[in-house]
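>>> no sequence for this one, just the structure:
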Ligand SMILES: [Zn+2]
């Protein structure tokens, strides 16, 4: 399924042990509200793979929103809420646009004419907007991506698209981090890949323990970036 260039070795990541590490960082930093490209969202039915998941109509989705409004304690028939189900369903098309994207396909076009460039490529502060799969609450933060090319590079906008394609799904931060790193490794077969995700979770701040000003960091290092001293160097660089 994934693009596998010939003539290069697959990257060997530290996946089983500490390849992806998560910990909580208390910070006073307030994550900014992040906006993504609005020009998304073809009709969801068009991209749903037939036979894999039952098709849901827009009317059914809007009825489900009316049910949740009633469950919350309000009247979906009152004037202010009449158009809300339609708006929520349109918002879902944007928040979950990742299901209609093929992340590996985004990286299928790579460039080999790099004049021997073999140093690390870093894209920092890629905006992340995702949704926690346990509470369907917002996850917002940033992603830092670094890779050291072996022969091929990818357009930098594609790195942001990759984050978007995995972010705009129901996610947990650990898996999101791993998916971004693994897809990049498979597409480019680079010497090393590092992905750091720093994000705040609305389900942590608005409910339950109600922890504000808490962010979570996850990271995944693959290939040469798992070995010292490269590991320490790349982490220091990405920490900025
Ligand atoms: Zn959650």
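Done, it's in. For clarity, every value in this text was computed on a predicted model and none was experimentally measured. Numbers count the residues shown, from 1 in each chain.
>>> show me what contacts the residue nearest the centre of the chain?
When CA atoms, centre = their mean is applied to the chain, the residue found nearest the centroid is residue 167 (2.7 Å). Taking CB atoms under 8 Å, 6 or more residues apart in numbering, we find residue 167 in contact with 98, 128-130, 139, 143, 176. For glycine as for every other residue, the C-beta is placed from the backbone atoms N, C-alpha and C.
>>> what's the closest of the residues you listed to the ion?
The shortest approach to the ion among the contacts of residue 167 belongs to residue 139, at 8.0 Å (CB to the ion).
>>> The closest one against residue 199, yeah?
Yes. Residue 139 is in contact with residue 199 according to CB atoms under 8 Å; the separation is 5.1 Å.
>>> Spell out which residues are contacts of both of the two.
In contact with both residue 139 and residue 199: 128, 130, 173, using CB under 8 Å, 6+ apart.
>>> Within range of the ion, give me the residues from the chain.
Proximity of the chain to the ion (CB under 5 Å from the ion) is limited to residues 132, 134-135, 203.
>>> between those residues, which has the most around it?
residue 132 (18 neighbours; other CB atoms under 10 Å).
>>> What's opposite that residue in the beta bridge?
Under DSSP bridges, the beta-bridge partners of residue 132 are residue 171.
>>> mind checking how far it is from residue 110?
Separation of residue 132 from residue 110 (CB to CB, to the nearest Å): 32 Å.
>>> Surely residue 171 is in contact with residue 134?
No. With contact defined as CB under 8 Å, residue 171 does not count as touching residue 134 (9.9 Å).
>>> other SSEs contacting the host helix or strand of residue 185?
Residue 185 belongs to helix 173-188 when elements are defined using DSSP states H and E. Applying 3 or more CB pairs under 8 Å, 6 or more residues apart in numbering; DSSP states H and E, one finds that helix 173-188 contacts strand 20-26, helix 103-106, strand 121-132, strand 138-148, strand 153-154, helix 156-167, strand 192-201, strand 214-223.
>>> I'd guess residue 204 is in a strand, am I close?
No. Residue 204: not assigned to a strand; according to DSSP: H, G, I helix; E, B strand; the rest coil it is helix.
>>> give the contact list for it.
Contacts of residue 204 by CB under 8 Å, 6+ apart are 210-211, 214.
>>> Relative to residue 195, which of the residues you listed is nearest.
Nearest to residue 195 among these is residue 214, at 20.7 Å by CB to CB.
>>> Surely that closest one and residue 199 touch.
No. Under the criterion of CB under 8 Å, residue 214 makes no contact with residue 199, lying 10.3 Å away.
>>> who has more neighbours, the two?
residue 199 (24 against 15).
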